[in-house]
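Asker: sharing a sequence plus its predicted fold:
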Amino acid sequence: MGVNSSKGFNFKLIANDTQLDLFQDETLTLSNNVTGLFDIGVLPSDFTRQITIPGTKNNNAFFKHVYDISVENPYLFSTNVKVPAYFDFDGFYLSQGYLQLNKVTVRANKYIESYEISLYGTLSSFSRDINKLYLTDLSNLSIYNHTASYDNIVDSWNYSLFDGDIVYPLAEYGAALEYTNGDIFFGLDDNEGAMTVQDFKPSIRVKKVLDAIFDYTGYTYSSTFFEQEWLDDVYMICNNSLKYPKFANVNLETYGVAKWGPISGSGITDLVIPESTITTLPWYNRLNDPSNVVGGDGTYTVNKTSALRGVLNLEILLSGSLGYPNISLNILPTGSSTPVATTTFPKFGDYFYANTNAMRAEGANGQNKTYSIQSQFNTSMIDPGTYNIALNWTDAYSSPYNNFKFTLDPGGNAKSYIEVKKNLQAADGRIMDIASNMPYGESGIKLVDFIKGLQKKFNLVIYPDNTKQNHFIIETFNNWYDKGEVVSFDSYINLDEPIEVIPANNLAVNKLEFGDKLGNDYIAQQFQKENVREFGKTYYTDTENFFSQGTFKVETTFSTTPLSQIPGTGLSGSVGGITPDVNCFDYSYYAYSGCTIYWTDCNGTSQSTFVSAGNTYNISCMRENSGTGCGPFTKGAQC
């Protein structure tokens, strides 16, 4: 659907409210094709024309004698600034745009013969502007900047953060979020493995991004389509890179991440740790330290108040009587023997308990066995400073089962290590800059590609308002078509030339595919594998037209993914937040022989009590998987 004319007809060129003089024989080719309304990334969009105009007094005055190199003051015509201009085709059609001066032709060094200028339609000019800019350039999105915090994330779920313009969805960005299972002790459904502030990336209403593009580039638009309420629920995730959001002057991908262990040698391996003694680990072999937080003496530096999440891997020889240890990890400020954080490992105790019972059932009276054990851990909050890492253990049985030896890394095998995988509060309190977190892809996402994606996704047309400078109208194709008028173009078309009419039926395709690109996120990939189709794709096959053939794909520049909110997750300590009592249960323990029970309550406080033989002890609100001294326990109701 379009009109092309090579016939000359009267038109006016007005720039900055000045009508410029034209050559009388100037012919302008007019092309107004509807296909240009669907892809503003293809230049020229509405029009780009190069014409020559005469060097008249009127035109010379307009261009401020730019040709005369002797003129210094007043300033000459600015050739690097857009000059508003429009064509007036006999009052029948107005086309808004901009003028650019290309060159001036001087005759005999005395007078101006002509000016060569280029005219860009408003849509074409708009396309040129947004083809140079990226989503991350939208600094005017700073109105949505905010503090990254527990409170703001939760408030966004109630549309209380910027009236719902910013919402934090639950999505998988590569952090490998998992539920608690046999291998994962601290899943995201557990307090110990709960998501923290840095695991959440904001999403922004798509319409607000479109508004920001027009505002940033100096244009305006009107659209009944974007006034619909359902578009308030259309968001774009600010997923700029990797697992975590971007913050100024810090890389959360490596922040505080480290792995270190022993080097085989005297006093480092074959390390005997006495019972009930907090022993600093002489580990200074840095296996991974991208943020340089491990010192040459094995100390670990905390730069921001935070809890630590990581993995403790131990190679232990237990020799002597048939007992087993309850192990704790201790964080000691350098120069101090008092820990600021102590973490127990109930799974270690469960494992040793099972092995000890098995050996006892086989009639063993002693042991000399090496164990390779590993567990995830979370510490309590630790203030900035430099710390030593220490181990402590206590026996789980009374005499005669408590006379055994605890040797770390026996036989010179340096297999133990500690790994800090995450500073849990690394993002808390930092400023979330929305522009720098806008999607980037591999080499940046241009504004033009964003708008092209919207056009394809919602079948939109975008065209300049012929009466209002720098203003566009955006509508669905159907609405735009319905507003059209029947106008005769006979005077602009050479009817003596042959006209071909091809029945639209002959151009029909057999298969249509509508949708977005396949997202790279975990959930979208899994959906595709399980359902053998991409999420959000729609397929249509023509069964009525015998002559239809081929496939036509309508694919946007976006990718979509199913988002799901998992109950009971995301509830972790943060700026302005608390640690709620979730996954805490009442337990009871019957003591066959006297022993001490160790556990952690839901406030994170370590507890212990001695239970004499034949008695039952009830524990209120104990954290699941947090530790026992001599289980098994019977789990009761959740607190």
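Answerer: Here it is on my side, so go on. Everything numeric in this text was worked out from a predicted model, so none of it was measured.
Asker: what is the longest helix of this protein by residue count?
Answerer: Counting by DSSP state H, the longest helix found in the chain is helix 346-361.
Asker: any idea how far that one is from the chain center?
Answerer: For helix 346-361, the distance from its own C-alpha centre to the chain's C-alpha centre is 44 Å (Cα atoms, centre = their mean, to the nearest Å).
Asker: and what of stretch 214-232?
Answerer: 24 Å.
Asker: now the longest helix of the chain: buried residues?
Answerer: Neighbour counts over helix 346-361 (16 or more other Cβ atoms under 10 Å) mark Pro346, Lys347, Phe348, Gly349, Phe352, Tyr353, Thr356, Met359 as buried. For every residue, glycine as well, the C-beta is placed using N, CA and C.
Asker: and the most centrally placed residue in the chain, what's its pLDDT?
Answerer: Centroid-nearest residue in the chain: Asn239, 1.9 Å away (criterion: Cα atoms, centre = their mean). Listed pLDDT for Asn239 reads 90.
Asker: mind checking which helix or strand it is in?
Answerer: Counting by DSSP states H and E, no helix or strand carries Asn239.
Asker: now do the contacts for it.
Answerer: Ala171, Tyr173, Lys201, Asn437, Pro439, Asp521 (Cβ atoms under 8 Å, 6 or more residues apart in numbering).
Asker: what's the answer for Leu447, then?
Answerer: So Leu447 contacts Ile130, Asn131, Leu133, Tyr134, Leu135, Asp137, Leu138, Ile213, Thr217 (Cβ under 8 Å, 6+ apart).
Asker: ok so, going back, for the buried residues of helix 346-361, which one is nearest Glu113?
Answerer: Lys347 (89.8 Å; Cβ to Cβ).
Asker: what about stretch 387-405, distance to the chain center?
Answerer: Counting by Cα atoms, centre = their mean, stretch 387-405 is centred 45 Å from the centre of its parent chain.
Asker: export it to CSV, keeping only CA atoms.
Answerer: C-alpha atoms of stretch 387-405 as CSV (Å, rounded to 0.1, in the frame of the first residue of the first chain):
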residue,chain,number,x,y,z
TYR,A,387,39.6,-12.0,60.5
ASN,A,388,41.2,-15.4,61.2
ILE,A,389,39.3,-18.6,60.4
ALA,A,390,39.3,-21.1,63.2
LEU,A,391,37.8,-24.5,64.1
ASN,A,392,36.5,-25.9,67.3
TRP,A,393,35.1,-29.2,68.3
THR,A,394,33.5,-30.8,71.3
ASP,A,395,32.9,-34.5,72.0
ALA,A,396,29.3,-35.8,71.5
TYR,A,397,29.6,-38.6,74.1
SER,A,398,30.8,-38.8,77.7
SER,A,399,33.4,-41.3,79.0
PRO,A,400,34.6,-43.8,77.7
TYR,A,401,33.7,-42.6,74.2
ASN,A,402,35.3,-39.1,74.4
ASN,A,403,39.0,-40.1,74.2
PHE,A,404,39.8,-39.7,70.5
LYS,A,405,42.1,-37.6,68.4
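Asker: ok so, going back, and the contacts of Asn239, which of them are in strands?
Answerer: Of the contacts of Asn239, none are assigned to strands by DSSP state E.
Asker: with distance to Glu500 and secondary structure added, can I get the contacts of Leu447 in CSV?
Answerer: Putting the contacts of Leu447 into CSV (distance: Cβ to Cβ, whole Å; DSSP: H, G, I helix; E, B strand; the rest coil) gives the following:
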residue, distance to Glu500, secondary structure
Ile130, 36, helix
Asn131, 34, coil
Leu133, 41, coil
Tyr134, 43, strand
Leu135, 43, helix
Asp137, 45, helix
Leu138, 46, coil
Ile213, 40, helix
Thr217, 40, helix
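Asker: got a ChimeraX select line for the buried ones in these?
Answerer: Buried members of those, defined by 16+ other Cβ under 10 Å, are picked up in ChimeraX with:
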select :130,133,134,135,137,138,213,217
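Asker: tell me which two of the contacts of Leu447 sit farthest apart.
Answerer: Asn131 and Leu138 (14.8 Å).
Asker: neighbouring strands - and their directions - for the host helix or strand of Lys517?
Answerer: Taking DSSP H and E as the criterion, Lys517 maps to strand 511-518. Strand pairing for strand 511-518, determined by DSSP bridges: strand 538-541 (antiparallel), strand 551-560 (parallel).
Asker: weakest of those by average pLDDT?
Answerer: strand 551-560 (a mean of 71).
Asker: what's in contact with that strand?
Answerer: Residues from elsewhere that reach strand 551-560 (Cβ under 8 Å, 6+ apart): 236, 445, 449-450, 452-454, 456-457, 509-520, 524, 535-536.
Asker: for Lys446, what are its contacts?
Answerer: Per Cβ under 8 Å, 6+ apart, neighbours of Lys446: Ile130, Asn131, Lys132, Leu133, Tyr134, Leu135.
Asker: before we move on, what about Asn240?
Answerer: Taking Cβ under 8 Å, 6+ apart as the test, what Asn240 contacts is Thr136, Lys246, Ser436, Asn437, Met438, Pro439, Tyr440.
Asker: thinking again about what came up before, the longest helix of the chain packs against which elements?
Answerer: Applying 3 or more Cβ pairs under 8 Å, 6 or more residues apart in numbering; DSSP states H and E, one finds that helix 346-361 contacts strand 325-333, strand 366-378.
Asker: please work out which of those is packed deepest.
Answerer: strand 325-333 (a mean of 21; mean count of other Cβ atoms under 10 Å).
Asker: with only the CA atoms kept, save it in PDB.
Answerer: What follows is strand 325-333, C-alpha atoms only, in PDB (Å, rounded to 0.1, in the frame of the first residue of the first chain):
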ATOM      1  CA  PRO A 325      33.000 -34.500  67.300                       C
ATOM      2  CA  ASN A 326      30.500 -31.600  67.000                       C
ATOM      3  CA  ILE A 327      32.400 -29.100  64.800                       C
ATOM      4  CA  SER A 328      32.000 -25.400  64.700                       C
ATOM      5  CA  LEU A 329      33.500 -22.700  62.400                       C
ATOM      6  CA  ASN A 330      34.700 -19.500  64.200                       C
ATOM      7  CA  ILE A 331      35.400 -16.100  62.800                       C
ATOM      8  CA  LEU A 332      38.100 -14.300  65.000                       C
ATOM      9  CA  PRO A 333      39.200 -10.700  64.700                       C
END
